[in-house]
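1. need a structure here:
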Amino acid sequence: MRIETKVEKFNEHLYLESGRLLESFEIIYETYGELNEDKSNVIVICHALSGSHHAAGRYANEAKAGWWDKFIGDGKAIDTTKYFVICSNNIGSSYGSTNPMSIDSSTKKEYRLKFPVLTISDIVKAQMKLYKRLKITKAKAVIGGSMGGMQALCYAIEQPTFTDNVIALATTAYTRPWAIAFNKIGIEAIRHDPIFNNGNYKKDDPKALGLVGLSLGRMAGLICYLSPNLFNSKFGRDYSQTDGLYELFGEFEVEKYLKYNAYSFPKVFDPLSYLYTCKTMNIFDAGRNKDKLEDSFDKVQANLHLIAFSDDMLFFPEEMEEIRDIMIKIGKKDKVTYKLVQSQSGHDSFLVEVEKFEEHIREILKDK
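-> Predicted structure coming up:
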């Protein structure tokens with residue numbers, strides 16, 4: 001599989017939904033496979049909160065492959081011998097695209113808390129500028145899960161002629177209080193962490209010293225990304241063999257798991273990016289605060305394929321069923337499909353249980 005990583009710089013204004021603008025911005029992106037002559041084999045991949053442009057394959061000396069490596073590659077469901085796959089890092093994220101720690105061209109200083117709040121629409125608008133730069137006017141499919149699924153829905157509604165197929169996994173049409181509440185734990189923990197220093201931390205401190213607030217936010221996220229059944233089967237009531245049961249700070253295996261994964265997170269993800277990305281997800285509303293979601297989904301022209309997971313406790317299956325029901329109600333039954341995967345890994349099932357929906361994706365992508 002051919003993999004290329006590139007950066008595009010845009011010396012132009014990006015006008016944002018908030019009324020603010022980015023005077024210039026950069027997008028780092030990764031491509032897989034070969035673009036055919038008429039550019040008809042493009043598949044766009046959208047990533048989730050802590051994801052990046054590195055969706056598949058391995059960099060040199062990299063122990064862990066890209067986050068959707070089970071799904072994208074030669075001969076896989078997203079077959080890179082057939083398709084030219086693009087995954088760009090969202091603006092606002094901390095993996096190379098313009099984000100709160102980037103330099104503001106007007107002040108020559110890092111944006112930090114002066115960075116504008118972004119919406120999912122702003123992220124998609126920036127991506128569309130990238131495709132225009134690459135002279136790509138049409139995609140065979142746009143695919144994303146979780147926050148990536150929010151982007152996929154945004155493409156369906158706001159860029160209705162850009163793609164033939166939108167595949168949204170484990171997502172929602174608008175963020176409910178349950179998900180906002182989990183995000184709030186991380187937001188408050190970061191804000192009150194002394195190292196955060198109201199956003200004025202030294203750039204390398206979170207990586208070198210850790211940032212407990214960000215770790216606690218990640219811990220809350222891990223709980224809602226998985227499911228009670230997975231916790232039961234994976235950990236049970238197993239206790240750490242090195243700890244005594246009656247030691248006050250002795251740990252169950254589930255506690256060790258949460259601590260290990262959460263406390264390593266500040267080494268790879270910036271706390272300001274986490275705050276801004278949580279805000280972006282919290283304010284997502286495909287209905288644009290209109291009285292009826294129907295008004296937004298009436299704009300959909302692509303085939304909209306929805307995939308939900310039975311034990312998803314972040315974006316529950318009924319949230320995607322609502323989208324299906326709206327499409328049927330407005331007379332677009334022939335434009336929507338819905339698949340409920342009987343999953344065992346909670347919200348993260350869209351990443352780890354690929355074998356349960358990959359054939360469904362292959363069928364969707366077949367030339368009819």
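2. ranges for the helices of the stretch 101-250 of the chain?
-> 120-133, 147-158, 177-191, 205-209, 212-225, 228-234 (DSSP state H, counting those that start in this stretch).
3. Now do the second one and helix 120-133, the angle between them.
-> Angle, helix 147-158 to helix 120-133, by axes from the mean of the first three to the mean of the last three Cα atoms, to 10 degrees: 70 degrees.
4. name the helices or strands packed onto helix 147-158?
-> strand 42-46, helix 120-133, strand 139-145, strand 163-169, helix 271-282, helix 294-297 (3 or more Cβ pairs under 8 Å, 6 or more residues apart in numbering; DSSP states H and E). In this view, the C-beta of every residue, glycine as well, is placed from N, C-alpha and C.
5. Any chance of the ones you listed in JSON lines with mean neighbour count as columns?
-> Listed next are the helices and strands packed on helix 147-158 as JSON lines, based on neighbours: other Cβ atoms under 10 Å:
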{"stretch": "strand 42-46", "mean neighbour count": "27"}
{"stretch": "helix 120-133", "mean neighbour count": "20"}
{"stretch": "strand 139-145", "mean neighbour count": "27"}
{"stretch": "strand 163-169", "mean neighbour count": "25"}
{"stretch": "helix 271-282", "mean neighbour count": "23"}
{"stretch": "helix 294-297", "mean neighbour count": "17"}
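6. Need the ones you listed in TSV (columns: distance to residue 29 and mean pLDDT).
-> Shown next, in TSV, are these (distance: least, Cβ to Cβ, whole Å; pLDDT from 0 to 100):
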stretch	distance to residue 29	mean pLDDT
strand 42-46	10	98
helix 120-133	7	98
strand 139-145	14	98
strand 163-169	17	98
helix 271-282	17	98
helix 294-297	27	95
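7. pLDDT score for residue 289?
-> At residue 289, the model reports a pLDDT of 64.
8. same question but for residue 116, I mixed them up
-> The model's pLDDT for residue 116 equals 98.
9. again with residue 106
-> 88.
10. show me the contacts for it.
-> Residues in contact with residue 106 (Cβ atoms under 8 Å, 6 or more residues apart in numbering) are residue 23.
11. Please name the nearest non-neighbouring residue to residue 125.
-> In this structure, residue 125 finds its nearest non-sequential neighbour in residue 14, 6.8 Å apart by Cβ to Cβ, 6 or more residues apart in numbering.
12. Hmm, the one you found is touching residue 27, no?
-> No: Residue 14 is beyond contact range of residue 27, at 10.3 Å (criterion: Cβ atoms under 8 Å).
13. These two: who's more crowded?
-> When residue 14 and residue 27 are compared on other Cβ atoms under 10 Å, the one with more neighbours turns out to be residue 27, at 23 against 19.
14. how's the chain carved up into domains?
-> What automatic domain parsing lists as the domains of the chain is 3-175+285-365, 179-279.
15. pLDDT weak spots in the stretch 201-350 of the chain?
-> Applying pLDDT under 70 to the stretch 201-350 of the chain flags residues 289-291.
16. hmm, 90 instead?
-> The model of the stretch 201-350 of the chain has pLDDT under 90 over residues 203-205, 207-210, 288-292.
17. Which residue ranges of the stretch 251-368 of the chain form helices?
-> Using DSSP H, counting those that start in this stretch, helices in the stretch 251-368 of the chain cover 253-263, 271-282, 294-297, 317-329, 349-352, 358-365.
18. closest to residue 225 out of these?
-> Counting by Cβ to Cβ, residue 225 lies closest to helix 349-352 out of those; the figure is 9.2 Å.
19. Residues touching that closest one, excluding its own?
-> 67-68, 70, 145-146, 169-170, 307, 309, 311-312, 341, 343, 345, 356-357.
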